[in-house]
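Chemist: Below are the sequence and a predicted model for it; my questions follow.
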Amino acid sequence: TFSYSHEFVMNDVISLSGKAGFQYMNIFYNNQHYGSPYIFISASPVVSLFYRKGFEFYVKLQAGVSFWFNKPEVLTETMRRFFPDHVNLFTGVTFAGFNFFVSDHIGLNLELSIWSPEMVSLGLTYRYWKGELPKIQETKEL
């Protein structure tokens, strides 16, 4: 799956994310090959649970719609369960999302989700900031 995600930060804890993705699913069943393109879009409220310099842990809820460009009439009844109807609504949960920043703007992203088009997502993150970067509170030892 290839996807693009964009996030709008509301405050230190809450943000709103949107994602668009593309996938091509192949199946080889009963000596026959069949494939279908698939696209999805979703919107997600995001809650940052832990944030320190260079690291962020978050969770998010996902709601979206998926579009399959398949021809189910050419499939057997058994194969149809792998390729759903043309348009479907979905909800998902990212129960573990991580951002690891190697600089003020560039980082790596990892998400683990259920009930979503992407169960495991790994990618690059680039943060655009207007104005000053947020100040991260460093913990002081007593």
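Modeler: That came in fine, so what should we check first?
Chemist: Grab the nearest non-local neighbour of I106.
Modeler: Sequence neighbours aside, Y126 is the residue nearest to I106 in space, at 5.9 Å (criterion: CB to CB, 6 or more residues apart in numbering). In this view, the C-beta of every residue, glycine as well, is placed from N, C-alpha and C.
Chemist: The one you found reaches H105, doesn't it?
Modeler: Yes - here Y126 reaches H105: they are 5.9 Å apart, a contact under CB atoms under 8 Å.
Chemist: Among those two, which residue is more densely surrounded?
Modeler: Neighbour totals were compared for Y126 and H105, and H105 leads with 12 against 8 (other CB atoms under 10 Å).
Chemist: Give me the residues contacting the helix or strand of the chain with the lowest mean pLDDT.
Modeler: Averaged element by element with mean pLDDT, DSSP states H and E, the chain has its least confident helix or strand at helix 77-80 (a mean of 74). For helix 77-80, the surrounding residues in contact (CB atoms under 8 Å, 6 or more residues apart in numbering) are I27, Y29, N30, Y34, P72.
Chemist: And the third one, what's its pLDDT?
Modeler: Think N30. Looking at N30, its pLDDT reads 72.
Chemist: try D104
Modeler: Looking at D104, its pLDDT is 79.
Chemist: Number of residues surrounding it?
Modeler: When neighbours are counted by other CB under 10 Å, D104 registers 11.
Chemist: got it, and the one 10 residues further on?
Modeler: Residues near I114, counting by other CB under 10 Å, number 10.
Chemist: so the residue nearest to it when sequence neighbours are not counted bridges to which residues?
Modeler: Closest residue to I114 apart from its sequence neighbours, by CB to CB, 6+ apart: V93 at 5.6 Å. Under DSSP bridges, the beta-bridge partners of V93 are L61, I114.
Chemist: Check the one 5 residues further on too.
Modeler: According to DSSP bridges, the residues that bridge with F98 are F57, L110.
Chemist: check contacts around it.
Modeler: Counting by CB under 8 Å, 6+ apart, F98 touches F55, E56, F57, Y58, N109, L110, E111.
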